[in-house]
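Asker: what follows is a predicted protein model with its sequence.
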Amino acid sequence: MSGATVWLASYPKSGNTWLRAILTALMNDGQVDINALSSSGSAGRGSLESLTGWSIGELQGAELVDLRRRADADAGSGPEPDFRKTHDAFTSASDGLPTHDLSATRGVVYLVRDPRDVAVSFAHHLGRSVEETVAMMQDSGAGLARPQMDGGPALQLPQHLGSWSEHVRGWLDQELQPVTVVRYEDLLADPVRQALRVVALADLGCAREQVEAAVSAASFDKLRAQEQDVGFRERAPAHAQFFRKGTAGGWRSDLSADRAAEIVNVHGPVMHRLGYL
């Protein structure tokens, strides 16, 4: 193993937060605080400044890319697994090098979800119409950054998403590290089995019984109830609730036939690749 970082990469609304909650329960004796998940964020302003000792301030462009690469390398320098979340696409910067530094990587987990369900869930998250969100998922220049609830400086740096298909291909086709693909639908159907795959990749050495207990502690219903009780700091200001449904196939009733056909028309090849068609 070349490092300690286990990347948890995904397009938004694909199960990243749920998997992080399961891993948090696993590493904290079955306790889950949704506002203190056991993972670092590659775009989090606070975690970047803490890792590097630098104040981000007005850094932009190449300077910011360099800082994020340094944080990637530093995060994986310790002996224990460091789960590192990213929604950024895997692309190259202006210097021709990848925007992510995977040199200190133990493994890459890529979470993926049927883009028709992503469109519905992401629209709720962004407070936009489904039509706007479907168009965003086709946009090579799409990105996001989350402001603070009180309107203060953004908690996260701008994140480049690209289109949904570009995001998937970028992570799956990069040749620096092998990728373990976890489909949201498979995580719903058998969360213990999928969590065990991640545990093995991270070399956590946990018994199946521990994983089963962690999955129970981080059930979607329990996460949703906790959000209702104490709130969730990762919820977007426009989003009434982050943990909303946690189902698969809801697009059949929530998405118009025209929008569903548009998604298949644009993203069909990648959907076929992942078994969604």
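Answerer: Right, received. Where do you want to start?
Asker: quick check, pLDDT for the closest residue to G15 other than its chain neighbours.
Answerer: Nearest non-adjacent residue to G15, counting by Cβ to Cβ, 6 or more residues apart in numbering: Y184, 4.2 Å away. From N, CA and C alone the C-beta is placed, and that goes for glycine too. For Y184, the pLDDT comes out at 95.
Asker: T180 and Y110 touch, don't they?
Answerer: Yes: judged on Cβ atoms under 8 Å, T180 makes contact with Y110 at a distance of 7.2 Å.
Asker: which one of those two has more residues nearby?
Answerer: Y110 (22 against 16; other Cβ atoms under 10 Å).
Asker: how would you label the more buried one: helix, strand or coil?
Answerer: Secondary structure state of Y110, per DSSP: H, G, I helix; E, B strand; the rest coil, is strand.
Asker: could you report the pLDDT at it?
Answerer: 98.
Asker: if we can go back for a sec, contacting residues around the residue nearest to G15?
Answerer: If you count contacts by Cβ atoms under 8 Å, 6 or more residues apart in numbering, Y184 has them with S14, G15, L111, V112, R113, D114, D117, A248.
Asker: show me where the stretch 51-200 of the chain has strands.
Answerer: For the stretch 51-200 of the chain, applying DSSP state E, counting those that start in this stretch gives strands covering 82-86, 105-112, 143-144, 159-160, 179-183.
Asker: could those strands go into CSV alongside distance to A225?
Answerer: What follows is these, written out as CSV (distance: least, Cβ to Cβ, whole Å):
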stretch, distance to A225
strand 82-86, 23
strand 105-112, 23
strand 143-144, 27
strand 159-160, 29
strand 179-183, 24
